[in-house]
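K.L.:
below: sequence and its predicted model.
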There are 2 protein chains.
Amino acid sequence: MADSSGKKSRIAIVGGGLVGAMQACYMAQRGYTVDLYESREDIRRAEHVAGRSINLALSVRGRSALRHIGLEEEVVKSGIPMHARLIHSLDGKKSAQPYGTKGEAILSVDRRKLNELLLSAAEKVESVTMHFHHRLSQLDLDNGILHFTDKNDHKVEAHADLIFGCDGAYSCVRRQLMRKTLIDFSQEYIPHGYMELCVPPVPGTDGQHNMEINYLHIWPRNEFMMIALPNQDGSFTLTLFMPFKEFEGIKAQGDEGVLAFFEKYFPDAIEKIGVQSLKETYNSSTHLPLVSIKCSPYHYQDKAVIMGDASHAMVPFYGQGMNCGFEDCLVFNEIMDQFDGDFAKVLPHYSTFRGPDAKAICDLAMYNYVEMRSLVNSRWFLFRKKVDWLLNWFLPSKYIPLYSMVTFSRIRYHMVINKWKKQDKIVNNGLILLGLSSLGMLVWLISRGRQMQIGKLTEMLTERIQDFF
Amino acid sequence: MADSSGKKSRIAIVGGGLVGAMQACYMAQRGYTVDLYESREDIRRAEHVAGRSINLALSVRGRSALRHIGLEEEVVKSGIPMHARLIHSLDGKKSAQPYGTKGEAILSVDRRKLNELLLSAAEKVESVTMHFHHRLSQLDLDNGILHFTDKNDHKVEAHADLIFGCDGAYSCVRRQLMRKTLIDFSQEYIPHGYMELCVPPVPGTDGQHNMEINYLHIWPRNEFMMIALPNQDGSFTLTLFMPFKEFEGIKAQGDEGVLAFFEKYFPDAIEKIGVQSLKETYNSSTHLPLVSIKCSPYHYQDKAVIMGDASHAMVPFYGQGMNCGFEDCLVFNEIMDQFDGDFAKVLPHYSTFRGPDAKAICDLAMYNYVEMRSLVNSRWFLFRKKVDWLLNWFLPSKYIPLYSMVTFSRIRYHMVINKWKKQDKIVNNGLILLGLSSLGMLVWLISRGRQMQIGKLTEMLTERIQDFF
């Protein structure tokens, strides 16, 4: 495609993960010639894909981005809706907390299948060329030259007018960008790591799920927690989040240590995982770190820009990593429309516009790191959830709970935080006021000497309140 | 030297700047075999040293570190004491603000001379070998192998039991460390850059200073500022701090723009710099960025540790960059004593112990970035400085002003912040109380109908207060 100056532009995308593959679709759709470079093999031909989590929670932002390239329906069809959190208490009790106020659901999707679908969709367009086994070694940003090392350790040189760095949290493009221009950057590891386990389908069935299917299961245990998402083959993927120290401490105690730990904290999960499988998986897998990465700006002149995890890696506790990355592509596309594809205007505007939003969702994910582990256990938190639900029911367009704004809307993330803080203050003040006036009324009634009636009234109120909880 | 296990240890220091050269002295003093690698040429033989600022303010922490390797006296001898800030107002008025409460001074020292002195001191020790023109390209941390590129682009391999990364804010050792271990890291550029100018000695004299010599001169102008430190040759080095945008805006206007800008904001400096020199220097030099870098931890196992700017680069507004880097060496040495040179204990302890202090001084330097530009102009700030001085005079051991704790003590930086916040709260509350009780007294007196006497009293008090300001 010719840009506004009439010059034909060649696009290079570094990274063929979820965001890189999607961005290839977007740029191909606009008519550009696209080269996509991926350091690993083509996952569509791979036997085993290492490293990353197996399933992901797709929500409105991700779906909007998929819709725009005509893939939403296909992805949704193969996803499993999760309408609520299902909290597993230590005593074996389970309680559901709906995600949406209007029956909305998030979707459990298979990372690998989604990635394959995106790669195939991009490849279908004639102007897109895929280059696997191409590891970026250096970038000459000013001249648009990319240096790769291929499968046979040969050096490969490529050219592009615009380079997209979609190469993940440890982005090589970002590193090269930081050498050319002043970039504020931070990376922060949390004390928790994660490990994946598996709950297989009910034995002897053709893939029947062994726990309630349409839920995101959570075992909140304050200092650590476990979650489970359903897979299409009838299994669940469990993710255990725990401080590194704990992981190692338990490992040091061998098989018995693992079992004792699960018996203490996740007794209802042992049988479902299977004792043997639990011991083997725990002791043979490594626990992986979780990092939060922010940076600003995202671009260098009209030459290069980073997107997805390369520009904002977040801890996974809001399920927004992929959704935010996908929305990056959609936002970039909207800005391309706005500036008629003039990269010299599009890139700086994208940095300025998207930066505060990416920072906001990184911060919210960190906040949810606390909320998911402990707050879901707290009475006040549960009470506030119900108040949120009630207020939203009364004022559906005015009052939207935080989780809904993040997950079921495209309100800009940084606006979500502003709106949330404002709402939260009003509600908390309102509750305090309500409490005080109730107290006032009670005192007034007592002072009138109507103790008998009060006794009855209190009894009645207590019953109602208990129902509500 | 043999470590606690009886093994002889070979030390590699990457970076021959101020901190690297000092650390070489410290480790040599402990009897280790030391190799110091520096990417540039030997500055003792260089004609011109590029990049870094010309003079620095040495204070107690830096002096303590120099004392321990027997160099304090020599450095102090060639430094110029600065007892006070000399504030240049826009109207040409000058006012002094003493640094210390007991006549203490900070010392203007020549960066290059100090570096040369430290290199020579290290080289005097037989067990120290210097390798200039050695640019680190890669580190094999687990096996203690360092890969360098030399002057002729040849590859050089070296071995060490312990590696010190003293290679500055853009440290290559840190980058390699970050690949091996989880390191929290942040870098933040401020909107201001800096540029150096020069006030030559009085013409026709043998190096007579053209401004008051024993001061650090400051021209605070809120959005930007200029400072000047005296040099031994009779000149002053001026540093102009200004947002990048302003620098470029003025440059775009050519010679006339520079002159108009100085006439508006620094009229008293034009003649001293010289019109011709001002135009030439301004338009031919580039303005350089200022970055704040924090990270944690500083080490990898018992193999490597970073020190100085490599571990904590700070904006220069507290004059503590070098002092903190020197104190790193002293603190490391103290911890070596404490753990009898057992690197496996020394390195993690150094990370844990020094981390909060480095973070604190980076934050304080950022705070002073505001204070120096604007607060020194504010009446409240000046009043508080006087209150600080009075309180310190009454309670010398209990009440120490912030600047004194940072500059004239070795109180740990993070304790300085704690102490400061506590003191500040007490003083502010005290002042409010004093104000309120004065008001109360006044009201009481007025209500007693003694207006005549009050009139006289008020007059008297006003005079006293004006004197105090």
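P.N.:
It's in.
K.L.:
lowest average confidence, helix or strand, in chain A?
P.N.:
helix A:451-468 (a mean of 61; mean pLDDT, DSSP states H and E).
K.L.:
quickly list what the closest residue to A:Ser39 other than its chain neighbours is bridged to.
P.N.:
Once flanking residues are discounted, A:Ser39 sits nearest to A:Arg135: 4.1 Å by Cβ to Cβ, 6 or more residues apart in numbering or on different chains. For glycine as for every other residue, the C-beta is placed from the backbone atoms N, C-alpha and C. Residues in a beta bridge with A:Arg135, per DSSP bridges, are A:Thr149.
K.L.:
can you give me the neighbour number for A:Arg135?
P.N.:
Residues near A:Arg135, counting by other Cβ atoms under 10 Å in any protein chain shown, number 18.
K.L.:
check contacts around it.
P.N.:
A:Arg135 makes contacts with A:39, A:148-150, as judged by Cβ atoms under 8 Å, 6 or more residues apart in numbering or on different chains.
K.L.:
now render those as TSV, adding neighbour count and pLDDT.
P.N.:
What follows is these, written out as TSV (neighbours: other Cβ atoms under 10 Å in any protein chain shown; pLDDT from 0 to 100):
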residue	neighbour count	pLDDT
A:Ser39	19	96
A:Phe148	19	97
A:Thr149	16	96
A:Asp150	14	95
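K.L.:
what's the closest of those to A:Phe247?
P.N.:
A:Ser39 (28.2 Å; Cβ to Cβ).
K.L.:
doesn't A:His134 make contact with that closest one?
P.N.:
Yes. Using Cβ atoms under 8 Å, A:Ser39 is in contact with A:His134, at 6.4 Å.
K.L.:
is chain B contacted by stretch A:181-198?
P.N.:
Yes. Looking at stretch A:181-198 against chain B by Cβ under 8 Å from any Cβ of the partner chain, the contacts come from A:182-189.
K.L.:
next, the buried residues of that stretch.
P.N.:
By neighbour count with 16 or more other Cβ atoms under 10 Å in any protein chain shown, stretch A:181-198 contains the buried residues A:182-190, A:192-198.
K.L.:
try stretch A:354-368
P.N.:
A:354-355, A:357-368.
K.L.:
next, the buried residues of stretch A:402-420.
P.N.:
A:402-408, A:411-414, A:416-417, A:419-420.
K.L.:
tell me the one of the residues you listed nearest chain B?
P.N.:
Ranked by distance to chain B (Cβ to the nearest Cβ), the buried residues of stretch A:402-420 are led by A:His414 at 18.9 Å.
K.L.:
what residues of the helix or strand where that closest one lies count as buried?
P.N.:
Using DSSP states H and E, A:His414 maps to helix A:413-447. By neighbour count on 16+ other Cβ under 10 Å, the buried set for helix A:413-447 is A:413-414, A:416-417, A:419-420, A:423.
K.L.:
reformat the residues you listed as CSV; add distance to chain B and pLDDT.
P.N.:
What follows is the buried residues of helix A:413-447, written out as CSV (distance: Cβ to the nearest Cβ, whole Å; pLDDT from 0 to 100):
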residue, distance to chain B, pLDDT
A:Tyr413, 21, 97
A:His414, 19, 96
A:Val416, 24, 95
A:Ile417, 21, 94
A:Lys419, 28, 91
A:Trp420, 25, 89
A:Gln423, 31, 84
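K.L.:
residue in the stretch 251-400 of chain A nearest to chain B?
P.N.:
Closest point on the stretch 251-400 of chain A to chain B, by Cβ to the nearest Cβ, is A:Pro289, at 5.5 Å.
K.L.:
just say helix, strand or coil for the residue of chain A found nearest chain B.
P.N.:
Among the residues of chain A, A:Ser186 lies closest to chain B, at 3.7 Å counting by Cβ to the nearest Cβ. With DSSP: H, G, I helix; E, B strand; the rest coil as the basis, A:Ser186 sits in strand.
K.L.:
any idea what it is bridged to?
P.N.:
With DSSP bridges as the rule, A:Ser186 is bridged to A:Lys294, B:Ser186.
K.L.:
where's it relative to A:Ile293, distance?
P.N.:
Distance of A:Ser186 to A:Ile293, computed by Cβ to Cβ, to the nearest Å: 7 Å.
K.L.:
equivalent analysis for A:Met366, please.
P.N.:
12 Å.
K.L.:
so what sits against both of those two?
P.N.:
A:Met314.
K.L.:
any weak-confidence spans in chain A?
P.N.:
Low-confidence segments of chain A (pLDDT under 70): A:1-8, A:48-53, A:374-377, A:446, A:448-469.
K.L.:
what residues does it put near chain B?
P.N.:
A:182-189, A:289, A:291.
K.L.:
try 7 Å this time
P.N.:
Residues of chain A lying near chain B by Cβ under 7 Å from any Cβ of the partner chain: A:182, A:184-189, A:289.
K.L.:
nearest to B:Leu240, of those residues?
P.N.:
Closest to B:Leu240, out of all of the residues of chain A next to chain B and judged by Cβ to Cβ, is A:Leu182, at 18.6 Å.
K.L.:
how is chain A partitioned into domains?
P.N.:
Domain ranges of chain A: A:10-80+A:110-187+A:291-372, A:189-289, A:379-468, per automatic domain parsing.
K.L.:
pick the most buried one from these.
P.N.:
Neighbour counts (mean count of other Cβ atoms under 10 Å in any protein chain shown) averaged over each of the domains of chain A peak at domain A:10-80+A:110-187+A:291-372, with a mean of 20.
K.L.:
start and end of that domain, how far apart?
P.N.:
Domain A:10-80+A:110-187+A:291-372 has an end-to-end distance of 44 Å (criterion: Cα to Cα, to the nearest Å).
K.L.:
then stretch A:248-268?
P.N.:
Termini of stretch A:248-268 sit 23 Å apart (Cα to Cα).
K.L.:
neighbouring contacts of that stretch?
P.N.:
Residues outside stretch A:248-268 that contact it (Cβ atoms under 7 Å, 6 or more residues apart in numbering or on different chains) are A:88, A:92, A:219, A:221, A:226, A:269-270, A:275, A:278-279, A:282-283.
K.L.:
what sits against the spatially closest residue to A:Ile54 that is not a sequence neighbour?
P.N.:
Excluding its sequence neighbours, the residue lying closest to A:Ile54 (Cβ to Cβ, 6+ apart) is A:Thr237, at 4.6 Å. Listed by Cβ under 7 Å, 6+ apart, the contact partners of A:Thr237 are A:54-55, A:196, A:198, A:228-229, A:231.
K.L.:
and the helix holding A:His414, how far from the chain's centre?
P.N.:
31 Å (Cα atoms, centre = their mean, to the nearest Å).
K.L.:
so which elements touch that helix?
P.N.:
helix A:343-373, helix A:402-407 (3 or more Cβ pairs under 7 Å, 6 or more residues apart in numbering or on different chains; DSSP states H and E).
K.L.:
go again with 10 Å.
P.N.:
helix A:343-373, helix A:379-394, helix A:402-407, helix A:451-468 (3 or more Cβ pairs under 10 Å, 6 or more residues apart in numbering or on different chains; DSSP states H and E).
K.L.:
how far away is the residue nearest to A:Ser39 from A:His159?
P.N.:
According to Cβ to Cβ, A:Arg135 and A:His159 sit 18 Å apart.
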